[in-house]
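Trainee: how would this look folded up:
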Amino acid sequence: MLKVIYLSPLGYLVSIIQNLVSIIHQPFMVYGFYNRVTSQFMKNTRVSSSLKIVKKSQLDLKDSVWIGHYCVLDASNCLTIEKGVQMGSHISIYTHTSHISIRLMGDSYMSSNNRVGYVNEAVSIGEYSFIGDSTIIFPGVSVGKGCLIKAGSILNRSVPDFSIVSGVPAKVVGHIIDIDSKFFDNEIVKKTYFDKNLFEKHTKGLRDE
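Mentor: Take a look at the predicted model:
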């Protein structure tokens, strides 16, 4: 019916209405987030209005976090996102998966309280890590602090602090010092770098050479 109206002389009006609605419904950044796990308000955290959260009561989202548009955060078995984490758009993080259990249990899956093969594991993202667009993180994964996860990566295993991670499946391809150290002579960075121990360790190593 809508197509018929659109192709009629009223088509311009239909188009105008649709465009106005699309403007109203465009995602936007929401300032502030109430963390139900800690019962604290994260004033400097910003999340997209399009963010989808499964079980918000189990999402431990710290301050100064930024989460882009159209992300899905499954916190059904606890998801922790530490201070300063930045996330792009279309990212999915899961703390459970049922596809194995459904195959194993068949028709009895929905009525059973003992779901064989059901995966239910917490996920954590370390402070000041960056998660690139379209990344997928599976249950049980821990991302260390200060990591750089490149766009399109699929993480099915944990990665250590300060890793640069890329690929399908994702693997460690570098260290953030490779990127950050070129800025260590900057007077502001000397005072503000997020990990003082890493900064001192690296700059001391350079001085000793």
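Trainee: Check which helices and strands the biggest strand by length in the chain is in contact with.
Mentor: Counting by DSSP state E, the longest strand found in the chain is strand 40-48. Packing partners of strand 40-48 (3 or more C-beta pairs under 8 Å, 6 or more residues apart in numbering; DSSP states H and E): strand 29-35, strand 59-61, strand 66-67. All C-beta atoms are positioned from the backbone trio N, CA, C, and that covers glycine.
Trainee: Next, the angle from it to strand 29-35.
Mentor: 150 degrees (axes from the mean of the first three to the mean of the last three C-alpha atoms, to 10 degrees).
Trainee: Report the next helix or strand after strand 40-48 in sequence order.
Mentor: Using DSSP states H and E, the next helix or strand after strand 40-48 towards the C-terminus is strand 52-54.
Trainee: which parts of that next one are buried?
Mentor: With burial defined by 16 or more other C-beta atoms under 10 Å, the residues of strand 52-54 counted as buried are Ile53, Val54.
Trainee: CSV please, covering the helices and strands packed on strand 40-48 and showing mean pLDDT, distance to Gly132 and mean neighbour count.
Mentor: Shown next, in CSV, are the helices and strands packed on strand 40-48 (pLDDT from 0 to 100; distance: least, C-beta to C-beta, whole Å; neighbours: other C-beta atoms under 10 Å):
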stretch, mean pLDDT, distance to Gly132, mean neighbour count
strand 29-35, 94, 18, 14
strand 59-61, 98, 19, 21
strand 66-67, 98, 13, 20
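Trainee: between those strands, which one is nearest to Ile53?
Mentor: strand 59-61 (5.9 Å; C-beta to C-beta).
Trainee: Pull up the pairing partners for the closest one, direction included.
Mentor: Strand 59-61 sits in its sheet next to strand 79-81 (parallel), going by DSSP bridges.
Trainee: What is the helix or strand just after the partner strand packed up against?
Mentor: Going down the chain from strand 79-81, the next helix or strand is strand 86-87, by DSSP H and E. Secondary-structure packing of strand 86-87 (3+ C-beta pairs under 8 Å, 6+ apart): strand 66-67, strand 130-131.
Trainee: Tell me the bridge partners for the residue most central in space within the chain.
Mentor: Closest residue to the average C-alpha location of the chain: Met87 at 4.7 Å, with C-alpha atoms, centre = their mean. Counting by DSSP bridges, Met87 is bridged to Ile67, Ile131.
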